[in-house]
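Asks: Using only what follows, build the 3D model:
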Amino acid sequence: MATQFLVRHKEAELIVPAKPTPREIRPLSDIDDQKGLRFHVPMIMFFSYNQFLDEKNPVGVIRDAVAKALVYYYPYAGRLIEGPSDKILVNCTAEGVVFREAIAEVGLDQLRDFMQPPFPYSKEFLVDASDSTEILDSPLMLIQVGKTFRLTLASSSSSQTFAVNPNRISCKMVTRLICGGLVLAIRINHAISDAVGLAQFLNAVSQISKDPSSAPSPLPVWQRWLLSARNPPYVTCVHNEFEVEENSNSSTEPTILDSPLNLVRKCFFFGAQEIKAIQKYLPPNIPYATKFDLVTALVWRSRTIALQLDPEEIVTLTHAVNVCVSKVNQLCNNSFVYALELVKKAKHQVTEDFIESAIDYNVLHGKPGYSTLLKDWILSDASRTGIDEVDFGWGKPIYGGIMDGGQLLIWQFIRDFEIPKEMIVWSFQCACLLQPWKTFRRRWRK
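Replies: The predicted model follows:
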């Protein structure tokens, strides 16, 4: 049962880089501006109580550090614009980001059971600004930070308005909780940054928050043109990861966006014990497999079985640029080792030529999006981005991950905050049709 609590929001403020920054227009790569990456990603992090939170003003510390970090990451303070041939560019205008503080009357311990996607209080901890979800001429990042006192630093509600035009700002929000902890919620425009880039920015903010006179290390390097199509572009590999025209125009194939009320979204956590249990099924000819490979293969197979698809249907699993392809009957009727071998094979096929071919394919075919068909599955591994190392001076986060998952498998981390020993686990969110969910659940209990 969800916990009810009161949230008081303060006025939003515009934070610009602490020093003058270059006014210029910088290009995105042909990977960055593909249609499959034109969306916003919301995530949230929780920090437990630390005495330094009482000694310092965490909101002011983060506010000042963001302004100083934007000197080095000044494209984040700009806006995306559209150039020739549907090319997205970054207009570095130094318009700044929006920072909002709020107070939530809830303890961090009351939120513990909800620290997984889909997070039920996303609107309290990361409130959307009017028209701020557009890709062009909209905020590139929205952050909300707060201290846990039963107070929350949240971002606006429907009854509040921005003091500045929300279409011309990037938003950062802060949340404070009465129990003395801290909540940091972020929404990032994926076209400007992936999880690795976001982690680098947050670690830069955390470095500066602890040493205001320091420069972040490593310094950001903007060389997006290195991931541009060859001239002339030419495709040398098969690319099943992109949505083909016949699928995009199909009216019969269900997509992940169809009938959302008929979909069940569940989050599963894998710790050392769960990984060890899966490893017992490895045959002698596969003495080793990474945690990522093990869980990916297991979930892909289980999800496909639960969807009850046509046995002759072709299903795909897309991770970044590598893709696994299988017929439904082969994936479902074979053991999970079959899926594991497909995952391992796909990873080994990702060469420099494959990546260049994917970029060229993207340009030649009008920047297609990734497949949104329900039968296909897209996942992202954020376990090694460094987000779990963010420390503003009062300790590392006890939880970090996305607020919502869609059909993505997103790796997250959670630290037990009741015992001194640190426990890192990986989690994923999976979407299944409502009725076949019972099948999926039974297979997991075995």
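Asks: Go ahead and name everything in contact with stretch 223-238.
Replies: By Cβ atoms under 8 Å, 6 or more residues apart in numbering, the residues outside stretch 223-238 that reach it are 26-32, 353-354, 356-364. The C-beta positions use only the backbone N, C-alpha and C, and glycine is treated the same way.
Asks: Drop anything exposed from the residues you listed.
Replies: 27-32, 354, 356-363 (16 or more other Cβ atoms under 10 Å).
Asks: Farthest pair within these?
Replies: Using Cβ to Cβ, the buried ones among the contacts of stretch 223-238 span at most 23.1 Å, a distance reached by Pro27 and Phe354.
Asks: Out of the buried ones among the contacts of stretch 223-238, which is nearest to Met45?
Replies: Taking Cβ to Cβ as the measure, Met45 lies nearest Asp32 of the buried ones among the contacts of stretch 223-238, at 24.3 Å.
Asks: Report pLDDT for the closest one.
Replies: pLDDT for Asp32: 85.
Asks: repeat for Gly78
Replies: So, for Gly78, pLDDT stands at 94.
Asks: go on, the one 4 residues further on?
Replies: Model confidence at Glu82, given as pLDDT, is 91.
Asks: just Asp128 next, same as before
Replies: For Asp128, pLDDT reads 68.
Asks: Kindly report the same for Ser217.
Replies: 91.
Asks: Is the residue sitting furthest away from the middle of the chain in a helix, a strand, or coil?
Replies: Most distant residue from the mean C-alpha position of the chain: Pro284, 35.9 Å away (Cα atoms, centre = their mean). In three-state terms, and counting by DSSP: H, G, I helix; E, B strand; the rest coil, Pro284 is coil.
Asks: Residue ranges of each domain in this protein, please.
Replies: Following automatic domain parsing, the chain resolves into domains at 7-227, 245-446.
Asks: if you compare those, which one is most tucked away?
Replies: Of all the domains of the chain, domain 7-227 has the most neighbours on average by mean count of other Cβ atoms under 10 Å, namely a mean of 20.
Asks: What's the end-to-end length of that domain?
Replies: For domain 7-227, the first and last residues are 44 Å from each other (Cα to Cα, to the nearest Å).
Asks: on that earlier part again, can I get the domains of the chain in a markdown table with distance to Cys237?
Replies: Below are those laid out as a markdown table (distance: least, Cβ to Cβ, whole Å):
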| stretch | distance to Cys237 |
| --- | --- |
| domain 7-227 | 15 |
| domain 245-446 | 4 |
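Asks: Least reliable of these by average pLDDT, please.
Replies: The bottom spot among the domains of the chain, by mean pLDDT, belongs to domain 245-446, with a mean of 74.
Asks: before we move on, back to that, among the contacts of stretch 223-238, which ones are in strands?
Replies: Using DSSP state E to define strands, the subset of the contacts of stretch 223-238 located there is 26-27.
Asks: Could you grab the helix/strand/coil label for Gln273?
Replies: Under three-state DSSP, Gln273 comes out as helix.
Asks: what's the spacing between it and Gln279?
Replies: 11 Å (Cβ to Cβ, to the nearest Å).
Asks: cool, Tyr288 as well?
Replies: The value you get for Tyr288 to Gln279, if Cβ to Cβ is used, is 9 Å.
Asks: Wait, Arg79 touches Asn91, no?
Replies: Yes - using Cβ atoms under 8 Å, Arg79 makes contact with Asn91 at a distance of 5.2 Å.
Asks: ok, the closest residue to Gly96 other than its chain neighbours to Tyr399 distance?
Replies: Nearest residue to Gly96, sequence neighbours excluded (Cβ to Cβ, 6 or more residues apart in numbering): Val16, at 3.7 Å. Distance of Val16 to Tyr399, given as Cβ to Cβ: 31 Å.
Asks: Next: Trp377.
Replies: Applying Cβ to Cβ to Trp377 and Tyr399 gives a distance of 24 Å.
Asks: For His319, give me its contacts.
Replies: His319 makes contacts with 296, 346-347, 378-381, as judged by Cβ under 8 Å, 6+ apart.
Asks: what bridges to it?
Replies: Asn322, Leu379 (DSSP bridges).
Asks: Where do the helices of the chain begin and end?
Replies: For the chain, applying DSSP state H gives helices covering 51-55, 58-72, 108-111, 122-125, 195-210, 245-248, 272-279, 291-307, 328-333, 336-348, 352-364, 437-445.
Asks: Would you mind pulling the contact partners of the fifth one?
Replies: It refers to helix 195-210. Outside helix 195-210, the residues that reach it (Cβ under 8 Å, 6+ apart) are 41, 43, 61-62, 64-66, 68-69, 72-73, 76, 186, 188, 193, 214, 216-218, 220, 380, 382, 385-387, 389-393.
Asks: Could you do the second one as well?
Replies: Applying Cβ under 8 Å, 6+ apart, the external contacts of helix 58-72 come out as 15-19, 21, 76-77, 94, 96-97, 99, 101, 143, 145-147, 153, 172, 174, 176, 182, 184, 201, 204-206, 208-209, 212, 215-216, 219-220, 392-394.
Asks: ok, 7 Å please
Replies: The contact list for helix 58-72, computed with Cβ atoms under 7 Å, 6 or more residues apart in numbering, reads 15-19, 21, 76-77, 97, 99, 101, 145, 147, 153, 172, 174, 176, 182, 201, 204-205, 208-209, 212, 216, 219-220, 392-393.
Asks: what's the angle from that helix to helix 195-210?
Replies: Relative orientation of helix 58-72 versus helix 195-210 (axes from the mean of the first three to the mean of the last three Cα atoms, to 10 degrees): 120 degrees.
Asks: Please save the CA atoms from helix 58-72 in CSV.
Replies: The C-alpha trace of helix 58-72 is given here as CSV (Å, rounded to 0.1, in the frame of the first residue of the first chain):
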residue,chain,number,x,y,z
PRO,A,58,22.8,20.3,1.1
VAL,A,59,20.6,22.3,-1.3
GLY,A,60,23.0,25.2,-1.3
VAL,A,61,26.0,22.9,-1.7
ILE,A,62,24.5,21.2,-4.7
ARG,A,63,23.2,24.4,-6.2
ASP,A,64,26.6,26.0,-6.2
ALA,A,65,28.3,22.9,-7.4
VAL,A,66,25.9,22.6,-10.4
ALA,A,67,26.7,26.1,-11.4
LYS,A,68,30.4,25.5,-11.3
ALA,A,69,30.1,22.1,-13.1
LEU,A,70,28.1,23.8,-15.9
VAL,A,71,31.2,25.8,-16.7
TYR,A,72,32.8,22.6,-17.9
